[in-house]
Structure formats: structure tokens, C-alpha cells
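J.: coords below, sequence missing:
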């Protein structure tokens, strides 16, 4: 589902939640409460602060960075686009360590990182991936949180996990690759979703019903998976090997 | 152990760690990963932010408050002294919601709190305690973190727990009452301690040995538990029913 | 009058002024200097800070919020759109308490509010209104400032007032419903207007006169009320029962 | 009344209130609602911001400055002591325009000031006063708020006013010289006072009564005006031509 | 070269560098190390801070302003457009002194300025210029940095200089009019350029070669000076008196 | 000269100036304008920011750090005392990278530093020095500014320079070791000094002359070098091989 200006409200809200949650999950797995190496994910005066690398400069990155900066953590953000990095800094309201993907710079940063969060925006292309060779160089007991796991993962070493068995270790690095992090805070996530749905439903009512609204709102139309019992999402059709129809053609005939 | 100016360096560093850790522990127990109620301890645009009450205005309170403000949480700090609240705001560099212990104000705040942290300074007297009746009014699934548990607790419902079984529920409220929170981040805590000990040891070396240093440094003398095999800490002697001697008398005779 | 990108410069400037002025007007009516209840609209350490609710997330809301945050006031912003609330936080450069219009949340907030400012953006639709029932629940002596009074008001209890008799009491709540707040600071407002007009006039000069400029600038055309003696604003025509003509038709004939 | 460390809690709290209130009072008298010159005491983009001079760098100055900075006002603070100015900047958490009392610098600043607040700390000596000649140079319609009026005033042109007739004009400058500004926000002021008194009364109870507490607490003793019916404050005795006794002597005899 | 949305990435990066460098260059020429008048370009408590005027509200202005505010300098930004000034404040995340070009206001500001930076955005029209008469009123030893020198200069008294002989004095004012300031920090500037070029080159590769990319990317096409040996930039052709062809026509024929 | 509370006002003001100036001097020597390596001492989005190490956590360190943070530079502060580092963070109003002098941590930091400023407080003991071996590991073209040169230097490789020949290269590292940096901004420095002297002189006048004031003010007495023609500063006497007398003895006899 898209707003008129190409903005994806659900993705935006869920990215906020995932970004914030990523920091507290990382804290957990760095502490000994989850058999981590016993490091505080924060800054105590007189001790080198913990280091966080964020891959990507979208909404999840923004919210993770804001919390981490509040914790006094040293944050380094990498993205392929200088523009995106500029916009991130504007939204954060301060300068942070940013860099495009220079192999040498990223490699050096990974050597001393305590946590790396994969947070490429939902629809980024081409998708950057941290190679297996780079993961090998990371410190024993460091933590990877892959928020891109449902789009194929941001690390070559990532593989899907779930909330019952959320992590695995690979090359000594703890990998957290749960795709549905917002379900950890299900109450908050569901309020967040209805914040977007309810005004939308009211608009549908004002517009004279859902069929009509699908016609007039191109953004809403993109979020339709089923229309009068007919599958309209090609990706899902492909995945389950089901026939699907183009919604624009259906609407024209309607 | 005290500095010349009555400042307690170990307590100060451990309070920093406990204050930061309290926030991430609370996040864990509000999420469903620890069977909590599934609430994000942070702020997502458009949703009433989570609420945190901090009892006390010392170092642990300061560090917990700073992280919570970074998360966008609504923070309310209660203390018996207006002066302490002023100093807290100066150290945080911004105004926060502060209040002295008005029963009516505290009661109203507890009704909507998601997390309450007991963080009275180490040597505060008389120690304030949240009554059992007030704890009863708190929301189902809300979280209490009692950082004062080793000094008797900041809540009437608190009882000592440990890292293996860190929480219990009482009146539907999750109580986290582990006394040695810094051991969750043992590496950070041990570096933090040696940051204080090493310069001290160097000073002892410069001063011509530990016996001499105990004589000249009144603050250090307060931290001595055993002197030439003789117990010098009255509280420990009392606790284990062992004879103890006053270190000043011992030194005079030495 | 509109800029090329739909931006309304006059409205924007006047909203800045109204937003700032709303806070100092509210201070006046909370203090006893205007027979208010004698409450400081600000934060003194150790006392529950005053609470402000802002309805709407546009420019006036932004400027009122910024000043209120500087005063240490607890600010809660309600709007129907999560997107607008996000943009507000970006412009403020910090997280604030934001919420969409959940009846339960708004009701609870109104119960403890000291001041409520109606600040829906100029062209918001559908316009949200605080019901009479909700106003009844507000505290004795609390203050409503309705910046939307010239567009019909943001509260069901609002009725137009003027600078000579700016307030009335309804259900114990002081209502300030003066439509032309910027005229309180007439010097500032007039400088602000000429800041926008003068560059516009220079452009008109460069463009070869006002008739030509009206043709080429669609945004400017929207601000034309009279064209060669003929009324071109339908709303004014309707209001005064005068005939009006469409400016586009006039220009075509010109 | 003093704390053990020479800190004056009542003065401190009342100074916070006066500092905040001074800004909103100034706003009122710059606007036309009190027949002022119609200037916004704040900053609208594109217009030279209003200018505020604060004389003194104590608590009232700090709170006035913080609110004014939040309004976007250009703030200039003058004090005789560089140390006090440093401490002010530390408490504000940012650099501001500060200057010692260079006649040339102060004169230039007064020429363009919209508001001048006299806010010398309670016990500053020697007290600085702005001369009549300097007041003459100020702009027509500018506003003086003299928070030092009860200690003799910070401006040669000041004379005591009251809440019924709070201002007078001298050389075209509006003078607001009400000594008891906190009574404008009487509710807030009384809560603020009991915040200090109640813990004190509890301490008195713990200490075994007020007579005993007066003996042991030197700071509290300084706040005693009457002891067992005998006047103990020399200044009041002098003022009303009444005999007074030294409290220390009384206590010794008690 | 333009992005799809009219954004000029090279100009943007070079403006960041020039804006930052302008502040340190100004510091140099105010100090005696370059025979300046011996004034600190920064703020020491108790001394009137140095004053900086920035002409223009684009990227260079933003970066110069941010550094100057960090130094505690009093910053005044002038631009012809209120909108641009608003956007600048949003990007800086705080209110600053802003004004449109009122002759009286600018004149007064120039009288007390220590440094004036000409930083009109690259493509601003009509370009504002500070007149010779205004430059004459500036203080002896004050410094002008003209970042617009390659587009004709922002001051009537500017004339092109170079890195070997970077300044001249006119009416006692030091003029720094070097067009290629980024070459002072050549390493940083070249990394900055490749940050933009490398992703572009990768896109060109993906798009099937440069000829094809020139066809599909209108923004990139604007940056082409030579196409298959034929000059395509009219301005350069005009300057060197060489024939040039329109690239769109060439491509159509290709 | 000391204030009553051991505070050194001259040292404090000169340290502010030196701290600010150190950053702009470093910028100069990193750029090619002084034959440096052509690196911007600041942060451009998308490029690894420049790195600054500050040795010491006093006033000069504070002011250098504040400016550097404003430039977006990555700042790392080392000191022997955790307490001093805490106070620094309080004065800066934010968390920064701080560390005690762990050899391994300092060594790693020096490897990537662009600038190192020696800024141990005036009277720090024992004075920490960066060894020659560590300086050897620094990057070609990096810059050392030794603000401690007049107390023996903070680097083993430092040797006194002057304003005519301010730098030398050792192991490829540019060393700036001018003891009297404030004289670069002589006007500012002299105003700063008179800010302290003038109130002092007024106090001396009020106290009935300088002889009397020397008697009553212990802090002022410490700043006396000559008393009635007799040298009273032992260090100077030692240096020039002149007899000196203790001022307390002289005063007793006076």
C-alpha cells in the first residue's frame, strides 16, 4: 500500500519499531543474559564506547541510530547513496559518521564493531550484501541483526530464524535473523497498524465503498492482494503457483 | 572507598552501568521475548509513548533517564529533594518531568507507568519505599526494576532474586530484583573497575606502599575491610558475627 | 496566494506568529493577571509541569510546540495523520508525545490539560473538532486557544471573540477565540507580510506588469480577489451576495 | 533560610518562577494587548529577532534565558563576574552572548534591546545599576522588568509598583517593577514552597522538635524571624524600629 | 550533472567543503598569523562574540553556519527568500538570526560584522550583490570570503584571486576570492567526488554503456560537455568561440 | 592568581582561547595552504570524518572538543582520571568517546588520528606524555598541537617553537609547539585579561589598597611575583638564580 506520493506507511511504521527493537535485542545478546560476551551496549565514562555499524540509511536505520546515539554508542552508517546519507543526517538533526561502501573503510569498521545491523530500505536496489569473508573478520561474540532477512538478507551468512530459536552462531558471530521483529511488541505494532488503517477506512467510507476507492486511489490499489475472490498479486501467485490477474484490467472490466 | 571529596568512584561507575542496563532489561520484559505484554519501550510516531518512573535522582537515575529520553520514552523522576532534582536536570542538560514525593502525584503516575526503576542513591536517608498498596494499582504486565535491592529495596513488594531466576510476578507486576546487574556485562564492569583501581595502585606505589597510603588517604581507609589479617569493617563483622576492630585505632598502634 | 509548489507563504508566516503568541496568551490567562487560576505555564523543578495539548500538526502547532518545549511544558500533539506527525517531529528535531485521534487517549489527555490549542492546518479536511462533552471534562480554569476560529473552530464550544473582549468562560474553561491574533503584534506581522510581498512585486515588475504576472503565475492568480474592478473570489461573492466571475475565464477574454 | 552549603532554596525556587514569568510578562507589554508597540517577543523566519538583555547571571537569569532561547530571541547576558557567566553557560548547556559590564558594550546593546530584565542574584555585591542616562537611550516602547526591585532595583529609573498598577512609562520605556511576581502564579508558587518546607518539617520532627532543630541546623537558624516571641531578625527590627535579639545568644541561654 | 529531481550532487558536496573551509580561512585572516587584526573567531565567556554574516541560505551557508554556531559565533543569515531561510533553519535544526535583504538591516549588521561570507546558491537569480558603499562601512581588518566569485562575485569589490595570492585589501577589508577552495583539501574533495561518480559509473555499466545512459538519464545528459568529439555545452562554446551542438539533437540523430 | 576556591581565572580564560585556536590551527596545517596533506578537518557526508585525539580533560580540552564536535569531527578524549572525564562530559552536555590511558587503546587511536592536541590541565601531576614510539606510528602528515609546551610538553618529540617558525616535522608528523597561542588573537586575549583584572582592581580599591588586599586575599597573594621590590616567586628566583623571599613571611613583618 502506498500513499499518493509513493510513501509506504506500513513499512515506515514497522521500520520504526524494528529499528528501536534492534538496539535492545543487540544489548541482550551482548550481555551474559543470552550467553553473550558480557559487554554493555552503551557508554560508561572512561571506557571505549561500544561500536555499531548500520548498513542502509532508511527509516529503520534512522530509529536505530537515534537510540544508539542516546546510549552514547559510536555509530557508523554505510549506504551506497550520498543523498540518502544526507537525508538521514537531516532527520537525525546532527552529523554522524557516514560513509559510502568503500571496501577498505567498511572492512576496517567491521574489525572493531560490536554490533552490525542490516537495515537497507525495503525497496533498495541493487541490494548491498556484506560478504562471508567480511563476517569472518568480525570479533568473537559480536552480534549481527539482519532486518533485511525477508528480502533475502543483508549478510551472506544470514539464514532465516524464528522467535523460538532466534539466533545461530557463524564464525563466532551471533546472527539474529527473525523476519517479524515487530511481533515481539505485538500490542504496539497492532496499534501502529490501526493508526494507518482507520483513517484509510474512513476515507473508503467517504468515497462510497471499497470498490470505488480501489479505482480512485492508485496507491491503495497497489496493496490489494485479492479482488472479488480473484488473486491480484503476481508475486504471491508465482510463489504458490496460482493464477493471478492484473487489477487494472479487472477494474476496467468491472 | 571514597575520593578526598566524598565521591564514591566505584559506586558511581557501577551506577552508570546499572542505569543503562535497567532500560534494556525493562525492554526485554515488556516484549514477548520474556513473556511480557508485547509493548515497545520506546516511541513510535502516532502512539502514546511508553512511560517510565524513576525513584531517586542520583547517577543510576541520570543514566537511565538519558537513555530513556533517547528512546522517546516519557520520563518522570521523583525524589525527596528539590536540590537533587535540580542537579539531575543540570547533568542531563535539559528539563524533565520532576516531582517530589507527593502521594497523590506519585499515585497518578504509577497508574499509567509501564516501567518503574528504583534508583535511590546508595547512601540516601531516609530511604523512600513504594508501598504495597501503590504497587497493586499498577498495570498488569508492567515492570519494576529495583536497583536498591541490596540496600533493602525501593518497593515493599521487592524480594531478592538472582541471574538464574531474575524475576517474579506480584499483583501482575514483573519484579526484577537482581542485586549484581553489572555482572551481566562483566567485561565492561571489570574494565570500569580497573580504570579506578589502576591509578589508585600507582598512587599507592608512589606513596611508599599500601600501609602508608591507608594512613594518609582517609577516603581509601574507608574502603579497607581487612588490615594485616584483622577485620576492620563493622557491618561485615556484625553480619557474620565476627570480631572487628576500628582501623583508626589499629593504625595509631601500628 | 500560493507558491508554485502549493506552499502558502502568508498563511505560513501568520501561523508562525499565531503559534508563538498562543503560548504567551495562554500564560497570561493561567496567571492571575487575567483572573486565571494562578498556574505557571512552564516547569519549575520538583513540580509536575504544566500540560499542553495541541490539536493539529502544521506550522502553528510546530511553533507553539517549540516554545512550549523550551518552557519545559509537557506537550502532547494530536493529528489524524501519522505522516503529518512524523513531519512535525522532523521539523522540531526531536521526538515528542504524538497520537492520532483515539477517543480514549484524547479524553485522558484532556482531563489533565492546562491549555489546549486548536491548530489544525488551514486547509485540513475533514476538520477534527473537540466535542462539547470533552470540553466539559476539562479542569476548572484551564484555557482553550482556538486558532481555527476563522475556519469554523476546532472546539464545539468555540464562538468568535475579538481583541476587546477576547475570552469567555464555558464549563469553567476559558475560551480565547480571537481570529486575528497576529494583529496583537502588528509591527512584526506587517514586516513579515512585506517580506513576502516585496520580492513578489519585484518579480511582477520583471514580468512586465501585474496583468501579465497573473497570467503566468497560477499560484498568484489564486490570491486575486478583484481583477479590473470585477470580483473574482467566489467565497466573498457568496458571503456578501455579490456577483463574481471566474478569473481564468476573464483572463482568457482579456 | 539556607541549606548546609549556603544554598538558599526558597530564593532559588522563586527565582525560577520569576525568570520564566518575566518573559511572558514582557511578551504581553510588547504586544498591543497592553498598549505596547505591537512586536512579537520571539523569532519569525526572515525578520530580525527580538533582543533581550539580562543583567545578572543567577537563577532567574538562567530561567529567563532558557525560555527566551526557546523563543528564538537574541539573548545577551551581562554580569560583573566572568566566573558567574561561565557557570550560567554550563547550566544552560550552550554558549550564549555574554559580556562583563563594559560601558561601551552595554550602551550599544541597550540601543537595540526590546526588553531588559534586571536579574542580579539576591545577594550580589556591589550591586550593578543601569543609569538613567542609559535608560534614556532605549527604544520607545521597549520594556524593563526589574526583578531586583525589592533589593533596591537594578535601574536608576525603577520605582516600586504593584499588581494592580504594575507599570509606568519613563523616557518612553515601560517599567514593570512588581516585587512579588510569583504571586501571579500563586498555586505554582505555593506548591513550590511546600516542596521545600515539607521535607524540612519532617526533618524537624525526626530531630525532636523545632527548638532542637534550630540549634543543630545553622542554615535553618538564619531563616528564623521570631523565636519564642522574640524578634530575631535585625533588618526587620531596624525597619519597624523594634528591638531584636541575636538568635545565637538566645539559644545559648535557652 | 543533475539527479532525477534536479539535485546537483557535485555542487552539493563542494558547497559542504567550501562552507566548512570558509570558517577556518576566516579564522586565519582574523588572527595575526596572516597579519590580521588579532581577533578570535569564536566565543570566550565574558567577551562580545565575533559576528558572522552569511549572504545566501544554500548548502555552503548551512555548513558555514553550523560550524560557526559550534564556535559560539553570532551568525546572521540574509537571503531574498523567506522559504529558503525556513529550509535552512530546518536543516540546522534550530532557530538562527535570519533576515531578508532589507537595506537598513543589512547595513546595520555589516557595521559590526567581523566576517562576511558570500554564499548565494549556485543557480540563484537574480543574484544579490553587496554594494561597494556597504563594503566601505565595514570595520578595518574585517574579512570577506566570496564563495560566489566564479559566478561573478557576491560583492562589488570582489576580484578573482588564487591560492598563491589569495587575498587583497580594499577599504581596509581583507577579501578572499579564491574560486577553487576545495582544492585546499584536495584529498577530501577527490574522495567526495568519487563517492558520487562511482555509483554513477556502476549505473552506466548496468545500463549498457555511456551512450545509452546519456539517452535515458536527462540529469546526466545536462553534465555532458563533449559527445563523440562534438562540443555540447553552449556556454563553453560561447566562451572559447567554438561551435557547439545541442545534445538532444545529436542523440536523436545517433 | 587564584580565586577563593582555588580557581585560576587567567589560566581558565587563556585555555578557552587556546582550545578554540588549536582547532583552526590544525585545519590550516591539514590543508595545503600550509603544505599539509590536503584533508578537511570536518565532516562531509559520505566520507569517514577526520579524527581528533585530545590528551587531557580540562578547559582547553573542553573548548577544543566543543568546536570539533560542531565540525562533525570524531573526538576521542584521554585522561588519567575518570572523574575529570565525567566533569568534561557534564560541561559539554553530551557523551563523547572518553578513555583512561590504556596503552593498547591509545595506540590504536593514534594510528588513525589526523590531529592530536596535548591539553593536560595546567597543574596536572603526574604529567602524562605520549612516547616517541607512539608518535612514530602516526600517519604521515598528521598534526600535533602541544598546548602543554610551556610546562614541558605532552609529547616526547615536542620542542619549543615560536610564531615565526611555528612548526617542524618529526617522523612525518607536523608539530606545532608555540607556547603563547593567545597572542595570535591578541585583541581578544587582552580584553579577556582585563575582564578579570578590572573587577579585581575595583576590589583592591574597595579594600583600601593593594598591600591590604594581598593580606586578606590568599588567592591573589599566590599571583604576586614582586612585593615592595623583593622577588617573592621561588620558581622565577630559581630560574634566574636570584634570591627570593616567602611572601607570607614578608607580610608578617610588614
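T.: Ah, there it is. Computed from a predicted structure; not experimentally measured. Numbering: from 1, shown residues only, chains lettered A, B, ... in the order given.
J.: Skipping its backbone neighbours, what lies nearest the closest residue to chain B within chain A in space?
T.: Proximity of chain A to chain B (C-beta to the nearest C-beta) peaks at residue A:70, 1.6 Å away. C-beta coordinates here come from the backbone N, C-alpha and C atoms, glycine included. Counting by C-beta to C-beta, 6 or more residues apart in numbering or on different chains, residue A:70 lies nearest to residue B:70, which is 1.6 Å off, once chain neighbours are set aside.
J.: got it, and residue A:43?
T.: residue A:72 (2.8 Å).
J.: Number of residues surrounding that neighbour?
T.: Using other C-beta atoms under 10 Å in any protein chain shown, residue A:72 is surrounded by 27 other residues.
J.: Contacts only, for the residue in chain A that chain D sits nearest to.
T.: The minimum distance from chain A to chain D, using C-beta to the nearest C-beta, falls at residue A:94 (14.1 Å). By C-beta atoms under 8 Å, 6 or more residues apart in numbering or on different chains, residue A:94 lies in contact with A:69, E:93.
J.: try residue A:176
T.: A:25, A:26, A:29, A:143, A:144, A:145, A:146, A:161, A:166, A:167.
J.: Enumerate the beta-bridge partners assigned to it.
T.: Per DSSP bridges, residues listed as beta-bridge partners of residue A:176: residue A:145, residue A:167.
J.: Just give the closest residue to residue A:199, not the sequence neighbours.
T.: residue C:80 is the one closest to residue A:199 (C-beta to C-beta, 6+ apart), at 5.7 Å.
J.: Could you look up the SS state of the one you found?
T.: coil (DSSP: H, G, I helix; E, B strand; the rest coil).
J.: That one contacts residue A:196, doesn't it?
T.: No - between residue C:80 and residue A:196 there is no contact under C-beta atoms under 8 Å: 11.1 Å.
J.: of these two, who's got more company?
T.: Between residue C:80 and residue A:196, counting by other C-beta under 10 Å, residue C:80 is the more crowded of the two (23 against 20).
J.: Tell me, how many residues neighbour the closest residue in space to residue A:31 that isn't next to it in sequence?
T.: In space, and not counting its chain neighbours, residue A:31 is closest to residue B:184: 4.4 Å by C-beta to C-beta, 6+ apart. Neighbour count for residue B:184, taken as other C-beta under 10 Å: 27.
J.: contacting residues around residue B:184?
T.: A:31, A:32, A:33, A:38, B:21, B:163.
J.: who wins for neighbours among the residues you listed?
T.: Result: residue B:21 is most packed of the contacts of residue B:184 (other C-beta under 10 Å), 29 neighbours.
J.: Show me which residues of stretch A:87-101 are buried.
T.: For stretch A:87-101, a neighbour-count test (16 or more other C-beta atoms under 10 Å in any protein chain shown) marks A:87-93, A:95-101 as buried.
J.: Lowest-confidence member of these, which is it?
T.: Note: of those, the lowest pLDDT belongs to residue A:93, at 82.
J.: is it true that it touches residue E:90?
T.: No - counting by C-beta under 8 Å, residue A:93 does not reach residue E:90; the two are 9.5 Å apart.
J.: before we move on, back to that, can you pick out the most distant pair from the contacts of residue A:176?
T.: Using C-beta to C-beta, the two most remote members of the contacts of residue A:176 are A:26 and A:161, lying 14.9 Å apart.
J.: Please pull out the lowest mean pLDDT helix or strand from chain A.
T.: In chain A, the helix or strand scored least confidently by mean pLDDT, DSSP states H and E is helix A:218-222, which has a mean of 71.
J.: What is the distance between the next helix or strand after that helix and the centre of its chain?
T.: Counting by DSSP states H and E, the next helix or strand C-terminal to helix A:218-222 is strand A:226-227. How far strand A:226-227 lies from its chain's middle: 27 Å, per C-alpha atoms, centre = their mean, to the nearest Å.
J.: Let's test this: mean pLDDT of whichever helix or strand comes after strand A:226-227, rounded?
T.: Per DSSP H and E, the first helix or strand lying C-terminal to strand A:226-227 is strand A:230-231. Across strand A:230-231, pLDDT averages out at 80.
J.: contacts for strand A:230-231?
T.: Residues from elsewhere that reach strand A:230-231, judged by C-beta under 8 Å, 6+ apart: A:225, A:237, A:242, A:243, A:244, A:245, A:250.
J.: ok, 10 Å please
T.: Residues outside strand A:230-231 that contact it (C-beta atoms under 10 Å, 6 or more residues apart in numbering or on different chains) are A:225, A:237, A:240, A:242, A:243, A:244, A:245, A:247, A:250.
J.: distance of the second one from residue A:223?
T.: From residue A:237 over to residue A:223 the distance is 16 Å, taken as C-beta to C-beta, to the nearest Å.
J.: The last one now?
T.: When C-beta to C-beta is applied, the distance between residue A:250 and residue A:223 equals 15 Å.
J.: before we move on, what about the fifth one?
T.: Residue A:243 sits 20 Å away from residue A:223, taking C-beta to C-beta as the criterion.
J.: Pick out whichever of these two has more residues nearby.
T.: Between residue A:243 and residue A:223, counted using other C-beta under 10 Å, residue A:223 has the larger neighbour count: 15 against 7.
J.: any idea how far the more buried one is from residue B:206?
T.: Separation of residue A:223 from residue B:206 (C-beta to C-beta): 72 Å.
J.: So between residue A:26 and residue A:161, which is more surrounded?
T.: Using other C-beta under 10 Å as the criterion, residue A:26 and residue A:161 rank with residue A:26 on top: 28 against 17.
J.: Good, wrapping up.
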